[in-house]
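S.K.: generate coordinates for the sequence data below:
(2 chains)
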Amino acid sequence: GQQLNQSPQSMFIQEGEDVSMNCTSSSIFNTWLWYKQDPGEGPVLLIALYKAGELTSNGRLTAQFGITRKDSFLNISASIPSDVGIYFCAGHQYNNNDMRFGAGTRLTVKP
Amino acid sequence: GAGVSQSPSNKVTEKGKDVELRCDPISGHTALYWYRQSLGQGLEFLIYFQGNSAPDKSGLPSDRFSAERTGGSVSTLTIQRTQQEDSAVYLCASSRAGDNSPLHFGNGTRLTVT
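M.R.: A predicted model of the protein is given here:
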């Protein structure tokens, strides 16, 4: 199946800074989702995007579904220590049953 | 409300033994997925169940891996003759319709093969 290329792999930032991460693919996806995983837990859905060009916010989080349908980004504004974790992008294609996941971005926030 | 429940949360087994991992999806969710997550890695798709349709087993890494879903609800993932490379967190997820509905994950079973 098609791979999702997620970057960066890891980020070390100061509390209060803004964060941006993205996912790209060579194929078109009809749904993009962003998840966060805390240690010892399963991923939790942050934002779901269903339409090319869609820009959606959830508190300090903003995500966009790229107009080409081959990419998506997630921004976190004014980071706080509890933002620490691994962020995964995920995409779904019409002709595949499975939800494809990126390799994750590990975020560390220094107080 | 109840989320996706997985058991056991941790399993340590000896190489060569068989293991069974259980997943209770959210009530009413017709789609159920199994993923494997190795240490520090992303999620690797294993198998997908949707309603009464034949499961999509395209992600199972070998014939030592199998999964069942009884009555359209509870699922068990079985790994026979476990190997050390099977050590990982096995995550189960369910979704409402299985098309592009968001997945809801359990907390996973951490499998360690010694």
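S.K.: thought B:S75 was touching B:C23?
M.R.: Yes: contact status for B:S75 versus B:C23: in contact at 4.6 Å, counting by C-beta atoms under 8 Å. The way it works is simple: take the backbone N, C-alpha and C, and place the C-beta from them, glycine included.
S.K.: ok, those two, which is more surrounded?
M.R.: B:C23 (26 against 23; other C-beta atoms under 10 Å in any protein chain shown).
S.K.: ok, and the closest non-adjacent residue to the more buried one?
M.R.: B:C92 (3.4 Å; C-beta to C-beta, 6 or more residues apart in numbering or on different chains).
S.K.: and the host helix or strand of B:Q6, how far out from the chain middle?
M.R.: Assignment of secondary structure by DSSP states H and E places B:Q6 within strand B:5-7. Averaging C-alpha positions (C-alpha atoms, centre = their mean, to the nearest Å) puts strand B:5-7 10 Å from its chain's average.
S.K.: likewise stretch B:44-60?
M.R.: Mean C-alpha position of stretch B:44-60 versus that of the full chain (C-alpha atoms, centre = their mean) differs by 10 Å.
S.K.: list residues touching both of B:S75 and B:C23?
M.R.: B:L32, B:W34, B:C92 (C-beta atoms under 8 Å, 6 or more residues apart in numbering or on different chains).
S.K.: quick one: the first one from A:A103, how far?
M.R.: As judged by C-beta to C-beta, to the nearest Å, B:L32 and A:A103 stand 24 Å apart.
S.K.: who has more neighbours out of those two?
M.R.: B:L32 (28 against 19).
S.K.: among the shared contacts of B:S75 and B:C23, which ones are in strands?
M.R.: B:L32, B:W34, B:C92 (DSSP state E).
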